[in-house]
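Undergrad: need the 3D shape of this:
(chains A and B)
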Amino acid sequence: MTADQLAALSDTLFSSSVGLYSLAVVAFCAQLAFGRRPARARELVGAGAPVEPGAPAASAHRADPPAVRRWGRVAMLLTALGAVAHTGVLVARGLATDRLPWGNMYEFATAVVLVAVVAFVVLAVRSPGLRHLGLFVLAPVVVSLVAIGLFLYVEDGPLVAALRSSWLAVHVTTAILGFGVFFVSGIASILYLVRSRHEARGGDPAGLVARIPDAATLDRVAHRTVVFGFPIWTFAVIAGAIWAESAWGRPWGWDPKETWAFIAWVVYAAYLHARTTAGWRGRSAAWVNVVGLAVMVFNLLYVNMVSTGLHSYGGVN
Amino acid sequence: MTVTAPPRSAATPPPPPARPSAARRLGGFLLRQWRRLTAMRTAIVLLFLLALAAVPGSLLPQRSLSQANVAQYFTEHPTLAPVLDDLFLFDVFSSPWFAAVYLLLFVSLVGCVLPRALEHARALRTPPPPAPRRLSRLPDAAELPTPLPAADALDVVEEELRVRRYRVVRRERGGQAELSAEKGLLKEAGNLLFHLALLALLVALAGGKLWGYEGSILVTEGGRFCNSFQQYDTYSSGALVEGSDLTPVCVGLEDFRAEYEENLTAASFTADITYGPPGQEGRPTTIGVNDPLRVDGDRVYVTGHGFAPRFTVTLPDGSTFDDVSAPFLPTEQSTMASEGALKLPDLGAGAEDQLALQGFFAPTGVVRDGILTSIDPQPLAPQVAVVVYRGYLGLDSGLPQSVYSLDTSQIERGRLTEVGSANLRVGESTTLPDGTTVTFTGVAEYAALQFSHDPGQVWVLVAAIAVLVGLLGMLLVRRERVFARATAAPADGGTVLGVGVLTRGSGDGAPRSAALTDDLRAALAARAADRAPSHGAAPEPEASPRDR
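TA: Residues are numbered from 1 along each chain as shown, chains lettered A, B, ... in the order given. Predicted coordinates for the structure are as follows:
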């Protein structure tokens, strides 16, 4: 295939993956809509007993009626197919341009969303109860991808001189990984906030909120993903500093992107501390994680599109 | 920093018989404040303050990044800007309040980490603590009945744990044999390394700032500069740098090449340079984007490039200025459209007036409706649009002015008047009303070079790697304690082994603890099966009392 055909294939796959993810969203909706609340949840809510951090997610899944599990399987299958097409978007781009497919904002954001989907699939395969999160991960994924396609799309093209370095593979790849993992973590914390308020108020046990995993599970997912993502993000920032030293003449210069990467790092460090500190544990810590995700998104959108800095590789005018 | 107990102000001691001395009260006050500062809650608040303090540094123009943007902000917001400036909001990252936040954070960190380091050093030398009285209260506890005698059962547990690299200690307490084991002390070591490496990172950055310097200069092809602050267009240096400390080295630019892809994306910028001590023939080398020259702690970078148009000016009296040029600054990187000014303050003896060209340069120019634009960053068809001024430039007025533009206030006051304008290709000339001719004779490329010296840089890298190593140790290593106590079985004369696992660290320890307990159970069963033929019956347990 020629480069043009590959680029066209990449664009077709992009639409396909959005379509598959949308179908997965429908299937996840069906899973939630037809699901009867797990019996356990009502007992816990009623008694107000502390949720033990064992395997409630898995047992909640086992308690699901067969129809729910069937919809869950369909949704996971569609998500996995979508992820394959999504991977194809980047592979075809990379082949068409003969470089790593994260040289501009469109490709970067597409890759971040792919990492988020893969992180969710890994979590959901390891503990099936987390499939109930599917709607809340996949819906933002679809919205993000549509926005990326509409506002960030750029034609395939070569890299500018400054990006032609092997550090691109190290720095940008790890930044994508970290961002994608934080994306899932942020969603888990948002749902934790919703769910813990529901539990505290003894909300409707038949409602939608009762069907998402319990607060303890969500808190654990959020924490574990940050624990996974934080060293990656730290590494990405350090690798960026090493690259900046050879490209721009200094390892750190408080360029807007650098500043916001630092802010995000500090916020996630605060989250990890908050989660082990009395008085911050629980909802306050979850809010810190949500702020962290907001900082990451701001860093992607505002810093690339509004402010002018050395990191303005967006290619979006 | 992890969990620190909140300040113990709540538990006030009973009223003392006499008022304590002033010194003691002061000491108590300071101790309370110190505890408050080093508490984890304070650290979290300081982390937030640090994040918040960095925000204006990215939203407002910063002097360290661009003086020009700050100046522009001052003209756009004449009343607001001075107020912001008083609050150091254009120098956020060198402001006293930003420094106050991170210094407080680091003091808090030291106050939290040093006691923990001492405690950890002690923990390394002391054996694992005795088993708690009631093992069943531990989060993961199990009772394993076995026909083995107590000592043998604990032997099996010890072997299994030693294979898993636990530190194991056996004790006899209250007539019962028990075992304590722990592993994962590297977790705390990683935690300490992470925080101390952050401190080292800060010190290395500060050292680099104090003893480092950098200078920037535009050098046209064939040009040369030496490493001294007088030569640089702009420079910054640390407080402890003397002019005489600068490495004696000169750099010459032989050739500069910019290469572009078909769609005009910049593919590479390379500069052939020579470098060496002053007065000597330099050594040739090539540097480029992402590929600086590094010599003995000094680095030379290509940070940009541009064009310097050359002009020949012939005055009516026949005197000429041959091939005078000035660097034009690119205003648009994609087409390298550039702007600049050429100033001729001294037109020869007796001349009162000064002459200046203000120009727009297009490496590949197209004129549409009399307006020159650039369509290609490569110098395929260079053109300039020049406006010629005559009059007083204001160079000796005492006020500094940019070499890249004319002082517009002189034009507004009528001291500089426009005397002609033209669009010129290479070789073309324009004649002014007084007979002066201006010829565009060609163009040279210049490179923006930066000379940097930062002695702290290597240490910053070392500290950053230590930060990462510590972080991985802290987050990935799991600290586990295993306790076991052998109790004589009430019924059949065997042993009941109480086992408890305590996990500290990330993630969910339950499955791992369960797996460990299963392994222990299997090992006990295997040993019991081995013994069965030789010992016909289960021996009496050694531990005598059945109940405590």
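Undergrad: residues from the stretch 101-250 of chain A in reach of chain B?
TA: By the rule CB under 8 Å from any CB of the partner chain, the part of the stretch 101-250 of chain A lying against chain B is A:157-162, A:164-165, A:167, A:220, A:223-224, A:227, A:230-231, A:234-235, A:238, A:241-243, A:245-250. Glycine gets a C-beta too; all of them are placed from N, C-alpha and C.
Undergrad: now with 10 Å, please.
TA: A:127, A:155, A:157-168, A:217, A:220, A:223-224, A:226-228, A:230-231, A:234-235, A:237-239, A:241-243, A:245-250 (CB under 10 Å from any CB of the partner chain).
Undergrad: you'd agree B:Gly435 is in a strand?
TA: No. B:Gly435 is assigned coil when assessed by DSSP: H, G, I helix; E, B strand; the rest coil, not a strand.
Undergrad: check the gap between it and chain A for me.
TA: 45 Å (CB to the nearest CB, to the nearest Å).
Undergrad: what of B:Val163?
TA: 27 Å.
Undergrad: that older thread, among the residues of the stretch 101-250 of chain A next to chain B, which ones are buried?
TA: A:127, A:157-165, A:167-168, A:217, A:220, A:223-224, A:226-228, A:230-231, A:234-235, A:237-239, A:241-243, A:245-250 (16 or more other CB atoms under 10 Å in any protein chain shown).
Undergrad: of those, which belong to helices?
TA: Within these, residues falling in helices by DSSP state H are A:167, A:217, A:220, A:223-224, A:226-228, A:230-231, A:234-235, A:237-239, A:241-243, A:245-248.
Undergrad: so for stretch B:249-257, mean pLDDT?
TA: Taken as a whole, stretch B:249-257 has an average pLDDT of 92.
Undergrad: can you give me the buried ones in that stretch?
TA: B:249-253, B:256.
Undergrad: distance from it to the middle of the chain?
TA: 30 Å (CA atoms, centre = their mean, to the nearest Å).
Undergrad: now stretch B:251-267
TA: 29 Å.
Undergrad: how about that stretch, does it reach chain A?
TA: Yes. Counting by CB under 10 Å from any CB, chain A has neighbours in stretch B:251-267: B:258-263, B:265-267.
Undergrad: give me the domain ranges for chain B.
TA: Domains of chain B are assigned by automatic domain parsing as B:26-124, B:127-184+B:478-534, B:208-305+B:451-466, B:309-443.
Undergrad: any chance of the residues of stretch B:251-267 next to chain A in a markdown table, with neighbour count and secondary structure too?
TA: Formatted as a markdown table, these follow (neighbours: other CB atoms under 10 Å in any protein chain shown; DSSP: H, G, I helix; E, B strand; the rest coil):
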| residue | neighbour count | secondary structure |
| --- | --- | --- |
| B:Ala258 | 20 | strand |
| B:Glu259 | 11 | strand |
| B:Tyr260 | 15 | strand |
| B:Glu261 | 14 | coil |
| B:Glu262 | 8 | coil |
| B:Asn263 | 8 | coil |
| B:Thr265 | 16 | coil |
| B:Ala266 | 21 | strand |
| B:Ala267 | 16 | strand |
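Undergrad: near chain A, anything from the helix ranked longest in chain B?
TA: Criterion DSSP H: the longest helix present in chain B is helix B:96-125. Yes. Using CB under 10 Å from any CB, a contact is recorded between helix B:96-125 and chain A, made by B:Leu105.
Undergrad: kindly report the same for stretch B:471-479.
TA: Yes. Contact of stretch B:471-479 with chain A (CB under 10 Å from any CB) involves B:471-472, B:474-476.
Undergrad: and stretch B:359-366, how far out from the chain's middle?
TA: 39 Å.
Undergrad: first to last residue in that stretch, what's the distance?
TA: End-to-end distance for stretch B:359-366, by CA to CA, to the nearest Å: 15 Å.
Undergrad: in that stretch, what's buried?
TA: Buried, per 16+ other CB under 10 Å, within stretch B:359-366: B:359-365.
Undergrad: what residue ranges in the chain score low on pLDDT?
TA: Answering for chain A, as no chain was given. A:35-64, A:313-317 (pLDDT under 70).
Undergrad: looking at chain B here, not the other one
TA: Residues of chain B that meet the cut-off, pLDDT under 70, sit at B:1-18, B:491-492, B:505-509, B:532-548.
Undergrad: can you list the residue ranges for helices in it?
TA: So, for chain B - with DSSP H - the helices run B:22-38, B:40-59, B:67-76, B:80-86, B:96-125, B:150-163, B:185-211, B:408-412, B:457-476, B:510-534.
Undergrad: and those as JSON lines, adding distance to B:Pro277?
TA: Formatted as JSON lines, these follow (distance: least, CB to CB, whole Å):
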{"stretch": "helix B:22-38", "distance to B:Pro277": "52"}
{"stretch": "helix B:40-59", "distance to B:Pro277": "40"}
{"stretch": "helix B:67-76", "distance to B:Pro277": "32"}
{"stretch": "helix B:80-86", "distance to B:Pro277": "42"}
{"stretch": "helix B:96-125", "distance to B:Pro277": "39"}
{"stretch": "helix B:150-163", "distance to B:Pro277": "63"}
{"stretch": "helix B:185-211", "distance to B:Pro277": "21"}
{"stretch": "helix B:408-412", "distance to B:Pro277": "43"}
{"stretch": "helix B:457-476", "distance to B:Pro277": "23"}
{"stretch": "helix B:510-534", "distance to B:Pro277": "63"}
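Undergrad: mean neighbour count added to the ones you listed, as JSON lines?
TA: What follows is these, written out as JSON lines (neighbours: other CB atoms under 10 Å in any protein chain shown):
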{"stretch": "helix B:22-38", "mean neighbour count": "12"}
{"stretch": "helix B:40-59", "mean neighbour count": "20"}
{"stretch": "helix B:67-76", "mean neighbour count": "13"}
{"stretch": "helix B:80-86", "mean neighbour count": "13"}
{"stretch": "helix B:96-125", "mean neighbour count": "15"}
{"stretch": "helix B:150-163", "mean neighbour count": "19"}
{"stretch": "helix B:185-211", "mean neighbour count": "19"}
{"stretch": "helix B:408-412", "mean neighbour count": "14"}
{"stretch": "helix B:457-476", "mean neighbour count": "19"}
{"stretch": "helix B:510-534", "mean neighbour count": "15"}
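Undergrad: how about the nearest residue to A:Ala247, chain neighbours excluded?
TA: Distances taken as CB to CB, 6 or more residues apart in numbering or on different chains put B:Asn290 closest to A:Ala247, at 5.0 Å, once the chain neighbours are dropped.
Undergrad: is it true that that neighbour touches A:Leu159?
TA: No. Counting by CB atoms under 10 Å, A:Leu159 is not a contact partner of B:Asn290; they are 11.3 Å apart.
Undergrad: shared neighbours, these two?
TA: A:165, A:168 (CB atoms under 10 Å, 6 or more residues apart in numbering or on different chains).
Undergrad: so A:Asn289 sits against A:Ser189, correct?
TA: Yes. Counting by CB under 10 Å, A:Ser189 is a contact partner of A:Asn289 at 4.0 Å.
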